[in-house]
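Asks: Take a look and give me a structure for this.
(2 chains)
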Amino acid sequence: SAVISQKPSRDICQRGTSLTIQCQVDSQVTMMFWYRQQPGQSLTLIATANQGSEATYESGFVIDKFPISRPNLTFSTLTVSNLSPEDSSIYLCSAERGVTDTQYFGPGTRLTVL
Amino acid sequence: ELKVEQNPLFLSMQEGKNYTIYCNYSTTSDRLYWYRQDPGKSLESLFVLLSNGAVKQEGRLMASLDTKARLSTLHITAAVHDLSATYFCAPITQGGSEKLVFGKGTKLTVNP
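Replies: Numbers count the residues shown, from 1 in each chain, chains lettered A, B, ... in the order given. The predicted structure is shown next:
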């Protein structure tokens, strides 16, 4: 299995600011992903974090709003920029080692924007 | 575009009873995942179903996959209170970059 940690676990931010979320995996993984989950809702994929190249964003998500870095095989960051109250959500990082492996999820970061 | 439908969305059952959660999806997928999420917690992987006809069991939970019918089921046997949680199915897209597409989840409450 893979153990994933995220920092911060929660934060309260002011409108217009940015928050960077860190995701650390305890072993090398091939794929890393970022999801958003509104309370009581399902998960929506934001982007796939590609190691050494630009992230692949899903429809409705853009790099200017959600810049992502993945400098190596165990670490990624997601920045949520120019925050608005609509960005209040839980952001989850996940990782996968191979196509037949499960996708492991981090504990999530609960973001509240005032 | 892969769409996923879970039924039911809410399920209240008594301890000791059996029930099945259904996961239908709209386009070809040969791999499907089931997750459990407790309130305020992250997702815990339950099963990875890798091929048509795959069946996996863990304790009181059994999952199956029928890729021809585009259907997966999660069967609960003799439910206990500890199984109360939200269960998500997530088939994987095929062709190009593979990614999970999550259903809306089934919130299960097991009553004593």
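Asks: Was I right to think A:Asp11 contacts A:Thr20?
Replies: No. In this structure, A:Asp11 is not within contact of A:Thr20 by Cβ atoms under 8 Å, at 9.9 Å. Quick note: C-beta positions are derived from backbone N, CA and C, even for glycine.
Asks: So in terms of bridging, what pairs with B:Tyr33?
Replies: With DSSP bridges as the criterion, the beta-bridge partners of B:Tyr33 are B:Val48, B:Ala90.
Asks: What is the burial count for it?
Replies: Here the count is done by other Cβ atoms under 10 Å in any protein chain shown, and B:Tyr33 has 22 residues near it.
Asks: What pLDDT is listed against it?
Replies: Residue-level confidence at B:Tyr33 comes out at 96, pLDDT.
Asks: what's the answer for A:Val99, then?
Replies: The predicted local distance difference test score for A:Val99 is 69.
Asks: Please apply the same query to A:Asn72.
Replies: On pLDDT, A:Asn72 comes in at 93.
Asks: I'd like to know how many residues surround it.
Replies: Around A:Asn72 sit 10 other residues, with neighbours defined as other Cβ under 10 Å.
Asks: Contacts only, for A:Ile68.
Replies: By Cβ atoms under 8 Å, 6 or more residues apart in numbering or on different chains, the residues touching A:Ile68 are A:Trp34, A:Ala47, A:Ala49, A:Ala55, A:Ser76, A:Thr77, A:Leu78, A:Thr79.
Asks: Can you name the helix or strand that the last one falls in?
Replies: Here A:Thr79 sits within strand A:75-80, counting by DSSP states H and E.
Asks: Contacts for that strand, please.
Replies: A:18-25, A:32, A:34, A:46, A:49, A:65-70, A:87, A:91, A:93, A:111.
Asks: Likewise for stretch B:13-25?
Replies: Taking Cβ under 8 Å, 6+ apart as the rule, stretch B:13-25 contacts B:2-8, B:11, B:32, B:34, B:70-81, B:87, B:89, B:91, B:101, B:103, B:106, B:108-112.
Asks: hmm, 6 Å instead?
Replies: B:4-7, B:70-80, B:87, B:89, B:91, B:103, B:106, B:110-112 (Cβ atoms under 6 Å, 6 or more residues apart in numbering or on different chains).
Asks: and of the contacts of A:Ile68, the nearest to chain B?
Replies: Within the set of these, A:Ala47 lies nearest chain B; the separation is 9.8 Å, counting by Cβ to the nearest Cβ.
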